[in-house]
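Asks: following is a predicted model, sequence given first.
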Amino acid sequence: MLHCADRSFYVGHTDNLASRIGRHEAGQITGYTQTRLPVKLVWSQSFGTRIEALEAERQIKGWSRAKKLALIREDWSLISILARSKIDE
């Protein structure tokens with residue numbers, strides 16, 4: 001997960017994290033982050049398969065800002081609370 005200059009978050013998946021971040025930082029990837037530079041890596045996780053990574057990406061993209069911030073802080077109890085709260089989602 002990248003934190004963008006406009007305070008938004010970008011969630012994606014890749015097979016080569018260092019390369020992908022470098023390309024985002026250089027503005028070489030057209031789309032969301034290109035107009036929101038600079039970006040900073042704030043959370044990442046390894047997955048066993050690309051399909052698992054894509055599933056996690058899709059799930060996290062649907063999360064509220066509060067839940068993403070809790071994930072960055074690894075605040076699992078707050079994530080659990082927010083997962084049960086329809087108001088926050």
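Replies: Arrived safely.
Asks: where in this structure is pLDDT low?
Replies: 86-89 (pLDDT under 70).
Asks: one more time with 50, if that's ok
Replies: In the predicted model, the chain carries pLDDT under 50 at residues 88-89.
Asks: residue boundaries of the helices in it?
Replies: 17-25, 50-61, 65-72, 76-84 (DSSP state H).
Asks: first-to-last residue distance for stretch 33-49?
Replies: 25 Å (Cα to Cα, to the nearest Å).
Asks: over to stretch 2-10?
Replies: 5 Å.
Asks: how about stretch 49-68?
Replies: 22 Å.
Asks: so how far is it from its chain's centroid?
Replies: 7 Å (Cα atoms, centre = their mean, to the nearest Å).
Asks: cool, and stretch 71-89?
Replies: 15 Å.
Asks: quick check: buried residues in it?
Replies: 71, 79, 82 (16 or more other Cβ atoms under 10 Å). Yep, even glycine has a C-beta here, placed from its N, CA and C like the rest.
Asks: test my guess that the second one contacts A70.
Replies: What it means is I79. Yes. Taking contacts as Cβ atoms under 8 Å, I79 lies within contact range of A70: 4.8 Å.
Asks: hmm, back to that, closest one to A5 among the helices of the chain?
Replies: helix 17-25 (11.2 Å; Cβ to Cβ).
Asks: so W63 makes contact with L71?
Replies: Yes. If you go by Cβ under 8 Å, W63 and L71 touch, sitting 7.5 Å apart.
Asks: deepest of the helices of the chain, which one?
Replies: helix 65-72 (a mean of 17; mean count of other Cβ atoms under 10 Å).
Asks: quick check: angle from that one to helix 50-61?
Replies: Helix 65-72 and helix 50-61 are oriented at 130 degrees to each other (axes from the mean of the first three to the mean of the last three Cα atoms, to 10 degrees).
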